[in-house]
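Q: how would this look folded up:
(2 chains)
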Amino acid sequence: MKLPVQLLIGAVLSVFFVAAALLSFIWVPHDVATLTISDKLQGPSPTYWLGTDHLGRDTLSMLMVGARTSIAVAIVAVGIGMAVGVPLGLMAAANRGSLIDEIIMRGNDLIFAFPSLVIAILITAVFGPSAVNAILAIGIFNIPVFARVTRGGALSIWTLDYILAARVAGKGRVRISVEHILPNILNLLIVQGTIQFSLGILAEAALSYVGLGAQPPTPSWGRMLAEAQTMIFTDARLAILPGLAIVAMVLGLNLMGDGLRDLTDPRVRRARA
Amino acid sequence: MLRFALTRFVSLTLSLLIASLVIFAVIEVIPGDPARYMLGINASEDAVAALREQLGLNDSLALRYLDWLGGMLTGDFGLSYTYKVPVSELVMQRLWVSLPLALYALALSTLIAIPVGLIAAARRGSAADYSIMGATQLGIAVPNFWFAMLLVLIFAVTLRWFSAGGFPGWDAGFWLGVKSLTLPAFALALPQASILARVMRSALIETLGEDYIRTARAKGLSRRQATVRHALRNAMIPVLTIIGLQFSFLLAGAIIIENVFYLPGLGRLIFQGITQRDLIVVESLVMLLVFAVILVTFLVDVAYAAVDPRLRRGR
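A: The predicted structure follows:
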């Protein structure tokens, strides 16, 4: 009973924001690059559904394009994590106990030991604040996460009989990893991907809030909040709306991740009932 | 046990060494000449060259790295380019804001999360459990800096109970200092408390399902007695690990939160260092934070193994 509801709410929220972001490519209520100073700091109205900011930009349009920035950064960061982490994890599992395994896992521990936000700040500070550097900074910390999940999942598959059968049939480790292991841990990776996606949204928001993410004039939720902070005494609406967008998007992804995990892992389903 | 602690210590030292190399390398990549930056664009070439020499910027990379590392080990972090005072002095000043803030937040997070997780686990499946789980889901999704802004909006702008930011300094009185750290600490603590409450709940639910709890109940202990005497103690192991790990999140999170509340802590110092190209400050602070995080993780690991012998064999 609880299971589909959670997944459903999560999926609806996530799809809503992704759709808004995609829609922003072809249509937004008002162009976010045009400043209409005469219309600054207006409340919600039929023209500006969610009002305008201190430069007269339409808040709804800003939120839509901001969704695009957040989602793009988070997705590419997850992509980096997967593209590097999954092969590393597969390699470590296929050569369990070997030097390669040891090196990969120690490297993982090392990256885990770093306070990710501090390093992200360092990276963006050194290479200049930009969306690309924010992606890299977030992406690097996704690598050990995926490597670990992949290795853990792969190790349990390696002990199964059909893997033995495949080995007897003469398949090599790489081929077994790709043909038999990977498809069987895909559900784990999708669940982890959803979680890292939501963490990426939060990280992007934090980085752009401190001015180390996407640069003006590209709208981003974090920077909208930073700009709103100085006006919190005059117009609280501007400080509330982008935050609500972040919370709803992250909540949606988390619910979806939890729902997917429950769906694919009967053990968790029982434990949580 | 000693062997476990020793291997951990070796890996701690290795991690720190690699971390220092990475940080040094990254900082070295920063474009721009700190000497020129300090003297301004109108400075003569001779003056810049002289300052470069004085700052040791002309030495080889390896020498500068060893110099920096050796300095750190002896508590000499070098001289800030912009403040013209030893970095260690700056750090000590700022630490008196950041460290109390992180500890305050850690205390709040623990004090909120443990009872909440306990109630949720003890009344598993009840309306209370569902509301708590719903609230923690929300808490995890809230960015702490936005929560901080909401707190300012409610308690500073509307109710006027607290000031919207700033720090009077501990000289102004202990309670005034605590008061000005209260909103920031809550903002930091909430997301961490949500995570911790969930860990507490699932750990307790797991231990409540163990055989020894059934035995305890069979001996005639009430559910409450069995929970408090047996389940709680065992459930605390994962909870303590998470608390240890959270300390690093809180220190790092403080960097952002300090900006929301204009607190003169380490976070503000890092950002000032970045914008003013005060490399030595940035370098030392990042290294210090990494050191704190790695050290705490090490201590948690060892403490954990001391409590639970099963873990010593693990790795």
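Q: could you measure B:Met133 against A:Gln6, distance?
A: Distance, B:Met133 to A:Gln6, by C-beta to C-beta, to the nearest Å: 10 Å. C-betas here are computed from N, CA, C, even on glycine.
Q: now B:Gly173
A: With distances taken as C-beta to C-beta, B:Gly173 is found 48 Å from A:Gln6.
Q: So for those two, which residue has more residues nearby?
A: Set B:Gly173 next to A:Gln6 and count neighbours by other C-beta atoms under 10 Å in any protein chain shown: A:Gln6 wins out with 19 against 11.
Q: what about the more buried one, helix or strand, and which?
A: helix A:2-26 (DSSP states H and E).
Q: any idea how far that helix is from the chain center?
A: 14 Å (C-alpha atoms, centre = their mean, to the nearest Å).
Q: Tell me the spatial nearest neighbour of the residue nearest the centre of chain B, not counting adjacent residues.
A: With distances taken as C-alpha atoms, centre = their mean, the residue of chain B nearest its centroid is B:Leu251 (2.3 Å). Ranked by C-beta to C-beta, 6 or more residues apart in numbering or on different chains and with sequence neighbours excluded, the top spatial neighbour of B:Leu251 is B:Ala102, at 5.0 Å.
Q: average model confidence for the helix or strand encompassing that neighbour?
A: Assigned by DSSP H and E, B:Ala102 falls within helix B:87-122. The pLDDT scores in helix B:87-122 average 90.
Q: Then stretch B:53-66?
A: For stretch B:53-66, the mean per-residue pLDDT is 78.
Q: how about it: buried residues?
A: B:Leu55, B:Arg64, B:Tyr65 (16 or more other C-beta atoms under 10 Å in any protein chain shown).
Q: next one: stretch B:91-101
A: Going by neighbour count (16+ other C-beta under 10 Å), the buried part of stretch B:91-101 is B:Val91, B:Arg94, B:Trp96, B:Val97, B:Ser98, B:Pro100, B:Leu101.
Q: What of stretch A:151-158?
A: Under 16+ other C-beta under 10 Å, the buried positions of stretch A:151-158 are A:Arg151, A:Gly153, A:Ala154, A:Leu155, A:Ile157, A:Trp158.
Q: roughly how far apart are the third one and A:Phe141?
A: Meaning A:Ala154. From A:Ala154 over to A:Phe141 (counting by C-beta to C-beta), the distance is 21 Å.
Q: Quick check: residues of the stretch 151-300 of chain B near chain A?
A: Residues of the stretch 151-300 of chain B found near chain A (C-beta under 8 Å from any C-beta of the partner chain) are B:152-153, B:157, B:164, B:202, B:205-206, B:248-249, B:251-253, B:255-256, B:259-260, B:270-271, B:274, B:282, B:286, B:289-290, B:293-294, B:297.
Q: The stretch 101-250 of chain A: helices as residue ranges?
A: Under the criterion DSSP state H, counting those that start in this stretch, the stretch 101-250 of chain A contains helices at A:116-127, A:131-158, A:161-168, A:173-176, A:182-209, A:221-229, A:237-264.
Q: any chance of those helices in JSON lines, with mean pLDDT and distance to B:Ala50 too?
A: As requested, the helices of the stretch 101-250 of chain A are exported to JSON lines (pLDDT from 0 to 100; distance: least, C-beta to C-beta, whole Å):
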{"stretch": "helix A:116-127", "mean pLDDT": "75", "distance to B:Ala50": "27"}
{"stretch": "helix A:131-158", "mean pLDDT": "90", "distance to B:Ala50": "34"}
{"stretch": "helix A:161-168", "mean pLDDT": "90", "distance to B:Ala50": "68"}
{"stretch": "helix A:173-176", "mean pLDDT": "90", "distance to B:Ala50": "59"}
{"stretch": "helix A:182-209", "mean pLDDT": "91", "distance to B:Ala50": "38"}
{"stretch": "helix A:221-229", "mean pLDDT": "89", "distance to B:Ala50": "40"}
{"stretch": "helix A:237-264", "mean pLDDT": "90", "distance to B:Ala50": "49"}
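Q: Single out the most deeply packed of these.
A: Mean neighbour count (mean count of other C-beta atoms under 10 Å in any protein chain shown) peaks for helix A:221-229 among those, with a mean of 25.
Q: how about that one against chain B, any contact?
A: Yes. Applying C-beta under 8 Å from any C-beta, one finds helix A:221-229 touching chain B at A:Leu225, A:Ala228, A:Gln229.
Q: about what we covered before: and which of the buried residues of stretch B:53-66 is nearest A:Leu255?
A: B:Tyr65 (47.3 Å; C-beta to C-beta).
Q: my read: that closest one touches B:Phe24, true?
A: Yes. With contact defined as C-beta atoms under 8 Å, B:Tyr65 counts as touching B:Phe24 (5.2 Å).
Q: so where is the stretch 1-150 of chain A shaky, pLDDT-wise?
A: A:1-3 (pLDDT under 70).
Q: Those residues of it touching chain B, which are they?
A: Within the stretch 1-150 of chain A, the positions lying close to chain B (C-beta under 8 Å from any C-beta) are A:106, A:109-110, A:113-119, A:121-123, A:125-127.
Q: tell me the two of these that are most distant?
A: Most distant of the residues of the stretch 1-150 of chain A next to chain B, by C-beta to C-beta, are A:Arg106 and A:Ala125, 27.2 Å apart.
Q: Other residues contacting stretch A:11-24?
A: For stretch A:11-24, the surrounding residues in contact (C-beta atoms under 8 Å, 6 or more residues apart in numbering or on different chains) are A:61, A:63-65, A:67-68, A:70-72, A:245, A:248-249, A:251-253, A:255-256, A:259.
Q: May I see the buried residues of that stretch?
A: So, applying 16+ other C-beta under 10 Å, buried residues of stretch A:11-24: A:Ala11, A:Leu13, A:Ser14, A:Phe17, A:Val18, A:Ala20, A:Ala21, A:Ser24.
Q: just stretch A:88-106 next, same as before
A: A:Leu88, A:Gly89, A:Leu90, A:Met91, A:Ala92, A:Ala93, A:Ala94, A:Asp101, A:Ile104, A:Met105.
Q: re earlier: report all helices and strands that the helix holding B:Ala102 contacts.
A: helix B:127-141, helix B:174-208, helix B:232-260, helix B:266-275, helix B:279-307 (3 or more C-beta pairs under 8 Å, 6 or more residues apart in numbering or on different chains; DSSP states H and E).
Q: tally of neighbours for B:Val142?
A: 22.
Q: buried residues in the longest helix seen in chain A?
A: Counting residues, the longest helix found in chain A (DSSP state H) is helix A:59-94. Buried positions in helix A:59-94, judged by neighbour count with 16+ other C-beta under 10 Å: A:59-71, A:73-78, A:80-82, A:84-94.
Q: ok, back up a step: so how far is the helix holding B:Ala102 off the chain centroid?
A: 8 Å.
Q: now it and helix B:279-307, what's the angle there?
A: Counting by axes from the mean of the first three to the mean of the last three C-alpha atoms, to 10 degrees, helix B:87-122 lies at 40 degrees to helix B:279-307.
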